[in-house]
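>>> I would like the atomic coordinates for the input below:
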Amino acid sequence: MIYHNEKEKMLAGKLYNANDENLIIERQEVKDLCFQYNHLLPSKIAERKDLIKKLFHKTGENFHIEQPFYCDYGYNIEIGENFYSNMNVVILDCAKVTFGNNVLIAPNCGFYTAGHPFDIEQRNNALEYAHPIKVGNNVWIGAGCSILPGVTIGDNTVIGAGSVVTKDIPPNVLALGNPCRVIRNI
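Reported below is the predicted structural model:
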């Protein structure tokens, strides 16, 4: 396949130049929207909701995202019904990040689709890749978790606080640790 720009490479999961002028402009626009969101009064719930709907690719009708919240592009984020994220959630959405229905995210969690090559020359030239993250329905993610590129978390799963999720987690389990691993079925 022929890619015509760095954004196409990024969305296809290929190595791309993160310092591409067009990508920088897109990220800057989203930083401005996140700044605006994070500085709205917490009581301005309708305005906050409208801004998230403008920022994200898709939302359910019932969701709540505590401030502060940060993301890279916004257009790669989809949230289902009854989505809740607590304070200080970061979504680096260079690839698609999808959340199902009834997802609860505790404070200080990060969802990181971006990764960097081990090759020093590539890394020093701002090359990176991005792989999608998918979180199923009825998932609870405890405080301080990091979800890394390419991970899928199955339905009805609980991820314990402080976990670093480096690989797929099946449905209906309690998983925790660094690296995150299944502790038991639930």
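>>> only C-alpha atoms for contact and neighbour calcs from this point on.
Will do.
>>> Who are the packing partners of the longest helix belonging to the chain?
Assignment by DSSP state H gives helix 21-38 as the longest helix of the chain. With contacts taken as 3 or more C-alpha pairs under 8 Å, 6 or more residues apart in numbering; DSSP states H and E, helix 21-38 sits against helix 45-55, strand 69-71.
>>> Flag every buried residue along the first one.
If you call a residue buried by 16 or more other C-alpha atoms under 10 Å, then helix 45-55 has these buried ones: 48-49, 52-53, 55.
>>> Looking at the residues you listed, which is nearest residue 40?
Proximity of these to residue 40 (C-alpha to C-alpha) peaks at residue 48, which lies at 7.1 Å.
>>> re the thing from before, model confidence over the longest helix of the chain, on average?
The average pLDDT within helix 21-38 is 98.
>>> Give me the contact list for that helix.
Applying C-alpha atoms under 8 Å, 6 or more residues apart in numbering, the contact partners of helix 21-38 are 6-7, 18, 48, 51-52, 55, 67-74.
>>> Let me know the helix or strand that the residue nearest the centre of the chain is in.
By C-alpha atoms, centre = their mean, the mean C-alpha position of the chain lies nearest to residue 91, the distance being 3.2 Å. In the assignment (DSSP states H and E), residue 91 maps to strand 89-92.
>>> now for that strand, which elements pack on it?
With contacts taken as 3+ C-alpha pairs under 8 Å, 6+ apart, strand 89-92 sits against strand 69-71, strand 110-112.
>>> Make CSV out of the ones you listed and add mean pLDDT and mean neighbour count.
CSV is the format used below for the helices and strands packed on strand 89-92 (pLDDT from 0 to 100; neighbours: other C-alpha atoms under 10 Å):
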stretch, mean pLDDT, mean neighbour count
strand 69-71, 98, 21
strand 110-112, 98, 22
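>>> right, and those strands - which one's nearest residue 133?
Smallest distance to residue 133 across the helices and strands packed on strand 89-92 (C-alpha to C-alpha): 7.6 Å, for strand 110-112.
>>> contacting residues around the helix or strand following that closest one?
Remark: after strand 110-112, the chain's next helix or strand is strand 114-115, criterion DSSP H and E. With contacts defined as C-alpha under 8 Å, 6+ apart, strand 114-115 is touched by 92-95, 128-131, 148-149.
>>> Swap in 10 Å and give it another go.
10, 13, 15, 18, 91-95, 123, 127-132, 148-150 (C-alpha atoms under 10 Å, 6 or more residues apart in numbering).
>>> Give the buried subset of these as a ChimeraX selection command.
Those of the contacts of strand 114-115 that count as buried under 16+ other C-alpha under 10 Å are selected in ChimeraX with:
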select :10,13,15,18,91,92,93,94,95,127,128,129,130,131,132,148,149,150
